[in-house]
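Test case, fold it:
(4 chains)
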Protein chains: 2
Amino acid sequence: MNYSLLLDHVSRHITLTEDEQSYFTSLLNFKKIRKKQFLNQEGEVSKGPAFVMSGLLRSYSLDKNGFEHVIQFAPPGWWIGDMYSVVNQQPGRLYIDALEDSEIVWLWKSDLDKLYSILPKFERLFRILAENSVIAYQDRLISNLSLPARERYAQFCRQYPSLTECLPQKQVASYIGVTPEFLSKMLNAPPHH
Amino acid sequence: MNYSLLLDHVSRHITLTEDEQSYFTSLLNFKKIRKKQFLNQEGEVSKGPAFVMSGLLRSYSLDKNGFEHVIQFAPPGWWIGDMYSVVNQQPGRLYIDALEDSEIVWLWKSDLDKLYSILPKFERLFRILAENSVIAYQDRLISNLSLPARERYAQFCRQYPSLTECLPQKQVASYIGVTPEFLSKMLNAPPHH
DNA sequence: CGGGAAACTTAAGGTAGGTTAAGTGGGTGA
DNA sequence: TCACCCACTTAACCTACCTTAAGTTTCCCG
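Coordinates of the predicted model:
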């Protein structure tokens, strides 16, 4: 198993000896997920955070009218999971599925806790990741509260140019919070002033 | 100076000896903020996270039409800050001001970093706080994407009953993402089935 | 290949929520 | 005590975005 993508990612925030690296990787579980298969369904207790090695995952919630709302996309090199469910070990409210055939590695919550106590450096890693996550959610909240759909779309394209290319429009629509019909109309209409 | 509110809060997540407590409190800066005064203005580099001892603060962003969008309220026992600005030591996009005369304690980012290296337990504390923050922002994002204003209001009342009582309506309107006029109309109209 | 499901488009009509504007009442500082 | 400000209300009008529905294209799976 080649963990270099993950170990590179980790080493951007904390430094590990070879022994520490192999202890860390010994806790990892590997999994292939084919397109449209689920890592996680609403109402299940999420096993733990997952790191994407290849492919593309997303998390979304389903409202009572059956509409999906994308919370996050996770291309290779990103973490994804249902934080609420992992932290509280309660059934979550998110679905996580693969938009492309994907490979991930994931940790049991109990192994993560072990990792924290044996290698406290990992507290730091996950603190930093959580902080970055807070920043990203805050940014998105501000956009949702203060920008019209057209500018939210423009911001998405600026922020995730590679995703913009490979995602179907309806996924982007769901992320920025409009219907696919409206996004289509927007894109095929003359740019507003 | 009486730090019991803060130390109680900290001890819910990590355990400190008396020496550790006094080292921690030695890093704290105390500040009184009168109603309508700012802790933080857009474009400034935020000094660091602040813990509210008494009073009530809020953070908000200002859009290009001059409208405020409340990101967070912070009653006593809560942390508030501009995470983006603290982490990156760059000018932030948030204003933080006091809705009531308040007292806070806050940490320089550099002291926080010292604290992490001398007492790694604090990595854990702030990891947990950041994780809870992620959960809260995710929840709010889901509400904004999938619930109509009336239900966002109901959820706010359920989630923060004490804030609902003491906040002026226009602050709540700004938090749930509607105009004060619309919230007023909503509240004075017959409940929708 | 062929057929069905998705993704995308177009368009008509509807609605949640915004804008503007005017008025009321309570609180507070000079 | 008065003046002013600010929170809140009301109401008429407006628009960004949604709903429904139909049609076209693409693409995948058998």
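
Please count neighbours and contacts with C-alpha atoms only from this point.
Will do.

mind listing the strands for chain A?
A:29-33, A:38-40, A:50-62, A:68-74, A:79-80, A:95-106 (DSSP state E).

among those, which is nearest B:Met1?
strand A:79-80 (41.9 Å; CA to CA).

That closest one: partners in the sheet, and parallel or antiparallel?
In the sheet, strand A:79-80 lines up against strand A:50-62 (antiparallel) (DSSP bridges).

related to what we said a few turns ago, rank the strands of chain A by pLDDT, which is bottom?
Confidence, taken as mean pLDDT, is least for strand A:38-40 of those (a mean of 90).

List the contacts of A:Lys31.
By CA atoms under 8 Å, 6 or more residues apart in numbering or on different chains, A:Lys31 lies in contact with A:Glu103, A:Ile104, A:Val105, A:Trp106.

Which residues of chain A lie near chain B?
Selection of chain A residues close to chain B by CA under 8 Å from any CA of the partner chain yields A:61, A:63, A:69, A:71, A:83-84, A:120, A:123-124, A:126-128, A:130-131, A:133-135, A:137-138, A:141-142, A:144-146, A:177.

Please enumerate the helices of chain A.
Here chain A has its helices, by DSSP state H, at A:4-11, A:18-26, A:83-88, A:109-118, A:121-146, A:149-159, A:161-166, A:169-176, A:180-187.

Check the gap between A:Asn29 and B:Val70 for me.
Separation of A:Asn29 from B:Val70 (CA to CA, to the nearest Å): 41 Å.

So for the two, which residue has more residues nearby?
Using other CA atoms under 10 Å in any protein chain shown as the criterion, A:Asn29 and B:Val70 rank with B:Val70 on top: 23 against 12.

contacting residues for the residue nearest to that one when sequence neighbours are not counted?
Closest residue to B:Val70 apart from its sequence neighbours, by CA to CA, 6 or more residues apart in numbering or on different chains: B:Tyr60 at 4.2 Å. Neighbouring residues of B:Tyr60 by CA under 8 Å, 6+ apart: B:Glu68, B:His69, B:Val70, B:Ile71, B:Gln72, B:Leu94, B:Tyr95, B:Ile96.

burial of the closest residue to A:Leu119 other than its chain neighbours, as a residue count?
Sequence neighbours aside, A:Glu20 is the residue nearest to A:Leu119 in space, at 7.8 Å (criterion: CA to CA, 6+ apart). A:Glu20 has 13 neighbours, counted by other CA under 10 Å.

what about A:Leu147, how many neighbours?
15.

distance of it from DNA strand D?
Distance, A:Leu147 to DNA strand D, by CA to the nearest atom of the strand, to the nearest Å: 7 Å.

what pLDDT does that residue get?
pLDDT, A:Leu147: 97.

With A:Leu7 instead?
Looking at A:Leu7, its pLDDT stands at 98.

what's A:Phe122 in contact with, if anything?
A:Ile14, A:Leu115, A:Tyr116.

try 10 Å this time
A:10, A:13-16, A:24, A:112-113, A:115-116, A:128, B:123-124 (CA atoms under 10 Å, 6 or more residues apart in numbering or on different chains).

Show me which of those residues are buried.
Buried subset of these (neighbour count, 16 or more other CA atoms under 10 Å in any protein chain shown): A:Val10, A:Leu16, A:Phe24, A:Leu112, A:Leu115, A:Tyr116, A:Ile128, B:Glu123, B:Arg124.

Would you agree the second one is in contact with A:His9?
Right, A:Leu16. No - A:Leu16 is beyond contact range of A:His9, at 11.7 Å (criterion: CA atoms under 10 Å).

Quick test: name the residue nearest the centre of chain A.
Against the mean C-alpha coordinate of chain A, by CA atoms, centre = their mean, the closest residue is A:Ile80 at 3.5 Å.

How many residues are close by the residue lying closest to it once chain neighbours are set aside?
Spatial nearest neighbour of A:Ile80, excluding adjacent residues (CA to CA, 6+ apart): A:Ala50 at 5.4 Å. A:Ala50: 23 surrounding residues under other CA under 10 Å.

so A:Ala50 bridges to which residues?
If you apply DSSP bridges, the partners that A:Ala50 bridges to are A:Ile80, A:Trp106.

how close does it sit to A:Trp106?
4 Å.

quick one on the thing from earlier: want to try TSV for the strands of chain A, with distance to A:Cys166 as columns?
Below are the strands of chain A laid out as TSV (distance: least, CA to CA, whole Å):
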stretch	distance to A:Cys166
strand A:29-33	18
strand A:38-40	20
strand A:50-62	10
strand A:68-74	12
strand A:79-80	19
strand A:95-106	10
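
looking at the ones you listed, which is closest to B:Gln159?
Of all these, the one in closest proximity to B:Gln159, counting by CA to CA, is strand A:50-62 (19.6 Å).

Tell me the gap between the closest one and the middle of its chain.
Strand A:50-62 has its C-alpha centroid displaced from the chain centroid by 5 Å (CA atoms, centre = their mean, to the nearest Å).

Partner strands of the lowest-mean-pLDDT helix or strand in chain A, with direction?
Lowest on mean pLDDT, DSSP states H and E among the helices and strands of chain A sits strand A:38-40, with a mean of 90. Strand A:38-40 pairs in its sheet with strand A:95-106 (antiparallel), by DSSP bridges.

any bit of the partner strand sitting next to DNA strand D?
No - Strand A:95-106 stays clear of DNA strand D (CA under 7 Å from any atom of the strand), getting no nearer than 10.2 Å.

export that strand as PDB, just CAs?
Output of strand A:95-106 as PDB, limited to C-alpha atoms (Å, rounded to 0.1, in the frame of the first residue of the first chain):
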ATOM      1  CA  TYR A  95     -24.700  11.000   3.300                       C
ATOM      2  CA  ILE A  96     -21.300  10.500   1.900                       C
ATOM      3  CA  ASP A  97     -21.000   8.800  -1.500                       C
ATOM      4  CA  ALA A  98     -18.500   8.600  -4.400                       C
ATOM      5  CA  LEU A  99     -19.000  10.700  -7.600                       C
ATOM      6  CA  GLU A 100     -16.200   8.700  -9.200                       C
ATOM      7  CA  ASP A 101     -14.600   5.300  -8.500                       C
ATOM      8  CA  SER A 102     -12.500   6.100  -5.500                       C
ATOM      9  CA  GLU A 103     -10.000   4.800  -3.000                       C
ATOM     10  CA  ILE A 104      -9.900   6.000   0.600                       C
ATOM     11  CA  VAL A 105      -8.200   5.200   3.900                       C
ATOM     12  CA  TRP A 106     -10.100   5.600   7.100                       C
END
